[in-house]
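Participant: Sequence first, then the predicted structure, then my questions.
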Amino acid sequence: MAALCQPRRALVEIPAPQPKIAARIRRSYLEILSARLVPSPPPRGRNATSNTRRVHSCKYEPANITCGWFSEPSQGLLLSPSLSNHIIFVFAVDLSIGGVWSKRLEEQCEKMEEHHTPLSKQQLVQLIRSLILVEQSQEPRVIASDLKYLQEDLQLKKANVYRSIPYSRLGSNRDAHCYRKAYPHLVAFKVSCQEWGQVLLRNKEWDAVLEHALLAWRYTSELPQWDTANHNALREQCYNILASHSLTALQHHRPEASRGRELLRRFNMAQMHSQSIAPCIHELQRIMGCADDSSMETK
């Protein structure tokens with residue numbers, strides 16, 4: 001019977017216990033995650049966080065804006081263990097258009113690098129807005145000179161205003177509630193009228209400024225008429241902006257006789273919507289009167 005009883009054998013051999021990892025070699029969870037971002041191993045030790053420095057990086061990629069919260073060490077980009085204490089905002093954006101750096105934006109980058117302070121929300125909005133204006137000002141002869149593109153942009157902005165208005169059978173769709181829904185799109189329409197006109201003025205394309213102002217005037221007249229008088233202030237602001245652009249163009253441009261008569265006819269039609277165009281009518285009549293006097297003298 002004893003011969004039949006044999007000692008039991010383990011099915012799986014238990015390996016020897018592994019040695020403990022030294023405390024100085026132990027890596028934190030954030031270091032393991034950040035190791036995927038850079039090929040080189042992250043710095044170790046107590047002074048690892050002191051090697052990280054705050055930077056404001058600006059790089060060039062066409063029409064691309066990227067934002068993130070990072071810290072950058074001397075060897076590469078990684079997240080330090082004390083991320084909550086050393087986190088900063090890095091704004092990487094295309095500042096070079098056509099190989100030319102904008103002087104004002106470059107000065108802003110230098111100031112932020114000197115002070116090592118993160119951007120506030122208001123500063124970020126201002127910076128993005130200035131970048132958009134710089135990009136628009138660098139390519140006006142391709143886009144702004146094409147009035148068909150500007151007309152399509154105005155048509156789209158106006159359509160967005162009407163799409164944003166909720167439909168209701170019980171109440172008016174021109175009340176304060178509907179105005180609040182459409183307000184962002186009304187502001188976008190106003191900004192489009194203002195900034196594209198400024199681009200044309202900077203290019204000194206005076207006849208295109210007049211044509212764009214009259215096109216935008218027609219689309220402005222087609223915007224909703226709200227029940228509250230104060231809510232129609234944006235419409236009047238658009239009229240004032242377009243009239244100012246037209247007056248500036250007439251002060252630098254003397255149209256031909258046939259073109260002047262056409263503009264005068266269209267200005268008189270625009271006066272039915274707003275009296276803001278009246279100074280432009282007087283200026284155009286003065287120009288045409290001077291032209292008639294000069295033609296009589298030549299005869």
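Facilitator: Yes, it's here.

Participant: pLDDT (mean, whole number) over whichever strand or helix holds E262?
Facilitator: Following DSSP states H and E, one finds E262 within helix 257-270. Taken as a whole, helix 257-270 carries a mean pLDDT of 94.

Participant: In it, which of the residues would be classed as buried?
Facilitator: 260, 263-264, 266-267, 270 (16 or more other CB atoms under 10 Å). C-beta: built from backbone N, CA, C; applies to glycine.

Participant: Check stretch 201-210 too.
Facilitator: 201, 205-206, 208-210.

Participant: In this protein, where is pLDDT below threshold?
Facilitator: Low-confidence segments of the chain, defined by pLDDT under 70: 1-119, 126, 129-130, 133-145, 291-299.

Participant: mind listing the helices in it by residue range?
Facilitator: Using DSSP state H, the helices found in the chain span residues 29-34, 83-86, 103-115, 121-138, 140-143, 147-164, 176-202, 206-221, 233-252, 257-270, 278-298.

Participant: Of these, which is nearest L170?
Facilitator: helix 176-202 (11.7 Å; CB to CB).

Participant: So which elements touch the closest one?
Facilitator: helix 121-138, helix 140-143, helix 147-164, helix 206-221, helix 233-252 (3 or more CB pairs under 8 Å, 6 or more residues apart in numbering; DSSP states H and E).

Participant: between it and helix 233-252, how big is the angle?
Facilitator: Relative orientation of helix 176-202 and helix 233-252, computed by axes from the mean of the first three to the mean of the last three CA atoms, to 10 degrees: 10 degrees.

Participant: Flag every buried residue along helix 176-202.
Facilitator: Within helix 176-202, judged by 16+ other CB under 10 Å, the buried ones are 178-179, 182, 185-186, 189-190, 192-201.

Participant: Of the helices and strands packed on helix 176-202, which stretch is the most buried?
Facilitator: Of all the helices and strands packed on helix 176-202, helix 206-221 carries the top mean neighbour count, a mean of 21, counting by mean count of other CB atoms under 10 Å.

Participant: Tell me the backbone dihedrals of Q271, please.
Facilitator: phi -70, psi -20 (degrees, to the nearest 10).

Participant: just L223 next, same as before
Facilitator: When read as degrees, to the nearest 10, the backbone of L223 gives phi -70, psi 160.
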